[in-house]
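> Got a sequence here, can you model it:
(chains A, B, C and D)
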There are 2 protein chains.
Amino acid sequence: MIAKRQKRRSTCPINASLEVVGDRWSLLIVRDLMFAGARAYKDFLSSEEGIATNILASRLVKLQESGIVTSERDPQDGRGVIYRLTAKGVELAPVLLELSRWGTRFEEGEPPGGILQAWETNPQAFLAEIRKQLLDVPRSTG
Amino acid sequence: MIAKRQKRRSTCPINASLEVVGDRWSLLIVRDLMFAGARAYKDFLSSEEGIATNILASRLVKLQESGIVTSERDPQDGRGVIYRLTAKGVELAPVLLELSRWGTRFEEGEPPGGILQAWETNPQAFLAEIRKQLLDVPRSTG
DNA sequence: CAGGATCCGTTTCGATACTG
DNA sequence: CAGTATCGAAACGGATCCTG
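Reported below is the predicted structural model:
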């Protein structure tokens, strides 16, 4: 057991988080899953800012290893793969929303319609909504 | 006018934010400035997870270019440099705190004493406190 | 001695071509 | 459609050197 090569035994949760999602692409993938309805590999490629296929593949693997994303065969398609956020992944919503809020205030960028307002008005309710939407639709059972 | 080479004309604020702080080190530097009382170059080196000097220097430049950090000579020391967060940098607090909260819940890491609790209990008040502490101490002017 | 630049080997990224 | 293989470019990281 080699315990996966930790850098320095840091006990800071910020650093722990950044070890998982602290790169240029991971949170964009989570964003697409959370707000853009992305489910298939090609969705990530077409959306966003043009991530390279190898980078996308490696990030998806890493996100799965981190327990943020799951993947499964599309029961309808057979050759397609469906990616979905885990509960752990869904709970990144506050991070994404605060990042979005900050970007809207200080950098360029238009927020997706109404989302930020809903978040600022009633975070708890909005979070509950997101959880419901993303976790209760595992395979059209809802 | 070349407008600084934007990748793809993205209007997503999350992406805009990640272009500035979406790397392994930037938010750790902001964290040190915000919660660990770091002000000098050596503070960042000693703290944290052992950032290399060249990386630290380049990140500090980038953070200054992004308007998140300022630097000035230490009036007491003369040879020392004091780094400080701008208002824009201080407003990254919610991002850091949500990142910290997520890390505490799902990754390893102990939160710094009481901070997360204060944040969860009353975000507005806690933010106001942070703003006051970090922005009202520019040079002991009061 | 603090702040930071330079050199250099290693790792990661990223674009494209290609495969099942 | 969903990925690998390849390969050049960039970033990282450590050590050392420079500057005031």
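> and A:Glu108, what does it touch?
B:Thr11, B:Pro13, B:Ala16 (C-beta atoms under 8 Å, 6 or more residues apart in numbering or on different chains). Bear in mind the C-beta positions are built from the backbone N, C-alpha and C, glycine included.
> Check the spacing between the residue lying closest to the first one once chain neighbours are set aside and A:Ile51 real quick.
On the basis of C-beta to C-beta, 6 or more residues apart in numbering or on different chains, the spatially nearest residue to B:Thr11 that is not a chain neighbour turns out to be A:Glu110, at 4.8 Å. Distance of A:Glu110 to A:Ile51, given as C-beta to C-beta, to the nearest Å: 21 Å.
> Which one of those two is surrounded by more residues?
For A:Glu110 versus A:Ile51, the count of surrounding residues by other C-beta atoms under 10 Å in any protein chain shown is larger for A:Ile51: 18 against 12.
> what about the spatially most central residue of chain A, helix or strand, and which?
With distances taken as C-alpha atoms, centre = their mean, A:Val30 lies nearest the centre of chain A, 1.5 Å away. If you go by DSSP states H and E, A:Val30 is part of helix A:26-35.
> How much space separates the residue nearest to B:Thr11 from DNA strand D?
Distance of A:Glu110 to DNA strand D, given as C-beta to the nearest atom of the strand, to the nearest Å: 26 Å.
> got a pLDDT number for that residue?
Listed pLDDT for A:Glu110 reads 75.
> was I right about it contacting B:Ala16?
No. Taking contacts as C-beta atoms under 8 Å, A:Glu110 lies outside contact range of B:Ala16: 9.8 Å.
> can I assume A:Ala38 is in contact with A:Ile51?
No. With contact defined as C-beta under 8 Å, A:Ala38 does not reach A:Ile51; the gap is 11.5 Å.
> Overlap of the contact sets of those two?
Common neighbours of A:Ala38 and A:Ile51 (C-beta under 8 Å, 6+ apart) are A:Ile29, A:Phe44.
> any weak-confidence spans in chain A?
A:1-10, A:137-142 (pLDDT under 70).
> Swap in 80 and give it another go.
A:1-11, A:47-48, A:109-113, A:136-142 (pLDDT under 80).
> residues from it in reach of DNA strand C?
A:Asp23, A:Arg24, A:Trp25, A:Gly50, A:Ile51, A:Ala52, A:Thr53, A:Asn54, A:Ile55, A:Ser58, A:Arg79 (C-beta under 7 Å from any atom of the strand).
> Ranking by neighbours, what's the top pick from these?
Ranked by neighbours (other C-beta under 10 Å), the residues of chain A next to DNA strand C are led by A:Trp25, which has 22 neighbours.
> Among the contacts of A:Glu108, which lie within strands?
Counting by DSSP state E, no part of the contacts of A:Glu108 is found in strands.
> Most neighbours among the residues you listed, please name it.
Going by other C-beta under 10 Å, B:Pro13 tops the contacts of A:Glu108 with 24 neighbours.
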